[in-house]
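Visitor: Fold the following for me, if possible:
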Amino acid sequence: MSDAAERSSAPRSTAQRTTAEWVTFAISCVVLLVVAGLVVLDMAGSNDPPAPTATQSGPVRASGNHFFVPVEVVNDGDATAANVQVTAELVIGGQSYSGDQTIDFLGGGQRAELAFSFDTDPAQGELGIRVSSYAVP
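Guide: Predicted coordinates for the structure are as follows:
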């Protein structure tokens, strides 16, 4: 067997490692420590349940015979809320008009914009906007 073949098949000691191998090993260790640290931080972080809320986000806009009410939905929790159902109810002279809209997913800290349409001017009555239900996926 030649000298080159014997050197390649024989196990090497730690002292025989090349500089490139040591650099690769050091980088691998750093990457592994960073990933482990991120996992620990994620486990230690707060995980507040979803807390979606809905509020009117601007003035009512009239267009033809329709009045549009802009609504902002905010999830103040850390977890995602699914199937967030938002209800707007307008009461004028004892008569109630309502509408529902659903947001499929609202991640923690996210916002969504909606608009409700009414045939009657909301300024003539009492307008209530609320999140009526949501699911925790």
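
Visitor: can you give me the strands in this protein?
Guide: 52-56, 61-63, 66-75, 81-92, 95-106, 111-118, 126-135 (DSSP state E).

Visitor: would you turn those into a markdown table with mean pLDDT?
Guide: As requested, those are arranged in a markdown table below (pLDDT from 0 to 100):
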| stretch | mean pLDDT |
| --- | --- |
| strand 52-56 | 96 |
| strand 61-63 | 95 |
| strand 66-75 | 96 |
| strand 81-92 | 96 |
| strand 95-106 | 95 |
| strand 111-118 | 96 |
| strand 126-135 | 95 |
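
Visitor: and those strands as CSV, adding mean neighbour count and distance to residue 22?
Guide: All C-beta spots, glycine's among them, are computed from the backbone N, C-alpha and C. Putting these into CSV (neighbours: other CB atoms under 10 Å; distance: least, CB to CB, whole Å) gives the following:
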stretch, mean neighbour count, distance to residue 22
strand 52-56, 17, 52
strand 61-63, 10, 67
strand 66-75, 18, 48
strand 81-92, 19, 49
strand 95-106, 14, 47
strand 111-118, 16, 49
strand 126-135, 16, 52
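
Visitor: contacting residues around residue 110?
Guide: If you count contacts by CB atoms under 8 Å, 6 or more residues apart in numbering, residue 110 has them with 74-75.

Visitor: what's the pLDDT at it?
Guide: As predicted, residue 110 sits at a pLDDT of 95.

Visitor: which one of the strands of the chain lies closest to residue 24?
Guide: Residue 24 lies closest to strand 95-106 among the strands of the chain, at 41.2 Å (CB to CB).

Visitor: closest to residue 44 out of the strands of the chain?
Guide: Closest to residue 44 of these, according to CB to CB: strand 66-75, at 21.7 Å.

Visitor: so what strands line up beside that closest one?
Guide: strand 52-56 (antiparallel), strand 61-63 (antiparallel), strand 111-118 (antiparallel) (DSSP bridges).
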